[in-house]
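Chemist: From the sequence below, what's the structure:
(4 chains)
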Number of protein chains: 2
Amino acid sequence: MKTRGARPIGMSLWETTHVVHREFERMLAAHGLNRATWFILLTLDEAVHPTQRDVARAVGISDATLTHHVRNLEDGGLVHRTRDPDDRRVQCIELTDEGRAAFARIHDDAMAFDRRMRAVLGPETTAALLGALDTLTTEFTRPGDSTPIPRA
Amino acid sequence: MKTRGARPIGMSLWETTHVVHREFERMLAAHGLNRATWFILLTLDEAVHPTQRDVARAVGISDATLTHHVRNLEDGGLVHRTRDPDDRRVQCIELTDEGRAAFARIHDDAMAFDRRMRAVLGPETTAALLGALDTLTTEFTRPGDSTPIPRA
DNA sequence: TATTGTTATACTCTATAACTATA
DNA sequence: TATAGTTATAGAGTATAACAATA
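Modeler: Numbering: from 1, shown residues only, chains lettered A, B, ... in the order given. Below you'll find the predicted structure:
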């Protein structure tokens, strides 16, 4: 058939995302994290006393999957959980001191990563890229799918 | 800590890619395929008598993983394999008639998908987006990592 | 010995369903 | 009854290592 036309946008989008993402994951792995656990720590940093369910929603994974990752974080000593005294069904997740230190280190690396991207693109292209991505996200997001931080 | 600055580019890139990709996978799933098998069919359409190893390289997966997917395609009747008479170690993969028909249908849908993206962006923004993606891919591709069509 | 591909096996991420404990 | 979270289990996609067949 030899179907050849312009390269599909989706192909470029996929390729770039995964080339970039691979580098980002290498950085996270050097700190003992992966994408899901990093998103969890980000959510914990930004939310005020979230329940696990809140965190799962924010990260875009199921409760069961969150339990799995939180257990890993807890085993690694980055996080610790206590039952909420006001509602003992609720687990309160908090960063440990070690977790806060790790978060700060990774956050620095993540910011450096972002600066590298912005530097290579330049301010105008960066703005154009972000605008285009936003347009596509709006176009392809389904009303039902509320995934603030998208899943894999 | 409440670390808040501009939204990282990587986050937008990740989110958009996966919102778009989710829709694309829905389309593929309606035809009984997934991303890996679609990339395999694309490679078969474009390459001339590739070995399985060639296809694995092009898709960016291991030989063992390719075997796994090719078996699924074969079970689905889209592909069939014969040993190369000139070198009986080599499997020649070919689309069946049914495979060619399925490929044509999916290809039509994929082109429609691409038109939808280009339409919502407009020609200038499309060009700007592709340029930015290309810049990022170049910046973050490691010399060793040759992944023409990227893996998950 | 080197290469092509397969098999056996296992790991990670994910989900659903059934469950516990609380409310 | 309803909710928060856990456990048990499974499936998809991936990989590595050992292997068979062929060169």
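Chemist: Distance from the helix or strand containing residue A:125 to the middle of the chain?
Modeler: Residue A:125 is part of helix A:123-140, with elements assigned from DSSP states H and E. Relative to its parent chain, helix A:123-140 has a centroid offset of 19 Å by Cα atoms, centre = their mean, to the nearest Å.
Chemist: If residue A:93 is in a bridge, with which residues?
Modeler: Per DSSP bridges, residues listed as beta-bridge partners of residue A:93: residue A:81.
Chemist: Can you show me the strands along chain A?
Modeler: According to DSSP state E, chain A carries its strands in the segments A:79-83, A:91-95.
Chemist: which stretch among the ones you listed comes nearest DNA strand C?
Modeler: Using Cβ to the nearest atom of the strand as the criterion, the shortest distance between DNA strand C and the strands of chain A is 7.3 Å, found for strand A:79-83. For the C-beta atoms, the positions are set from N, CA and C on the backbone; glycine is no exception.
Chemist: So the closest one, near DNA strand D or not?
Modeler: Yes - under the criterion of Cβ under 7 Å from any atom of the strand, strand A:79-83 makes contact with DNA strand D via residue A:81.
Chemist: in that strand, what counts as buried?
Modeler: Of the residues in strand A:79-83, those with enough neighbours to count as buried (16 or more other Cβ atoms under 10 Å in any protein chain shown) are residue A:79.
Chemist: Name the residues of the longest helix seen in chain A that come out as buried.
Modeler: Of all the elements of type helix in chain A, the one with the most residues (DSSP state H) is helix A:97-121. Residues of helix A:97-121 classed as buried by neighbour count (16+ other Cβ under 10 Å): A:99-100, A:102-103, A:106-107, A:110, A:113-114, A:116-118, A:121.
Chemist: Which elements pack onto that helix?
Modeler: The helices and strands touching helix A:97-121, judged by 3 or more Cβ pairs under 8 Å, 6 or more residues apart in numbering or on different chains; DSSP states H and E, are helix A:9-30, helix A:35-46, helix A:123-140, helix B:9-30, helix B:123-140.
Chemist: Looking at these, which one is packed in the most?
Modeler: helix A:35-46 (a mean of 20; mean count of other Cβ atoms under 10 Å in any protein chain shown).
Chemist: close to DNA strand D, is that helix?
Modeler: No - with Cβ under 7 Å from any atom of the strand as the threshold, helix A:35-46 lies outside contact range of DNA strand D, at a closest distance of 11.9 Å.
Chemist: From the chain's centroid, how far away is that helix?
Modeler: The chain centre lies 6 Å from the centre of helix A:35-46; the measure is Cα atoms, centre = their mean.
Chemist: Could I get the pLDDT score of the spatially most central residue of chain A?
Modeler: Nearest to the mean C-alpha position of chain A, by Cα atoms, centre = their mean, lies residue A:39 at 3.6 Å. At residue A:39, the pLDDT value in this model is 96.
Chemist: same deal with residue A:3?
Modeler: On the pLDDT scale, residue A:3 gets 64.
Chemist: do the same with the one 5 residues further on
Modeler: Reported pLDDT at residue A:8 in the predicted model: 93.
Chemist: Please work out how many residues are found near the nearest residue to residue A:67 once chain neighbours are set aside.
Modeler: With Cβ to Cβ, 6 or more residues apart in numbering or on different chains as the measure, residue A:52 is the residue that lies nearest to residue A:67, at 7.2 Å, once sequence neighbours are left out. A count of nearby residues for residue A:52, using other Cβ atoms under 10 Å in any protein chain shown, gives 17.
Chemist: need the contact list for residue A:52.
Modeler: Applying Cβ atoms under 8 Å, 6 or more residues apart in numbering or on different chains, we find residue A:52 in contact with A:63, A:66-67, A:70, A:90-91, A:93.
Chemist: and the gap between it and residue A:40?
Modeler: Relative to residue A:40, residue A:52 is positioned 10 Å away (criterion: Cβ to Cβ, to the nearest Å).
Chemist: and what of residue A:84?
Modeler: To residue A:40, residue A:84 is 18 Å away according to Cβ to Cβ.
Chemist: how about low-confidence regions in chain A?
Modeler: Within chain A, the ranges that satisfy pLDDT under 70 run A:1-4, A:143-152.
Chemist: repeat that with 80
Modeler: Judged against pLDDT under 80, the low-scoring parts of chain A cover residues A:1-5, A:142-152.
Chemist: Flag every residue of it that's near DNA strand C.
Modeler: A:34-36, A:60-65, A:68-69, A:72, A:86-89, A:151-152.
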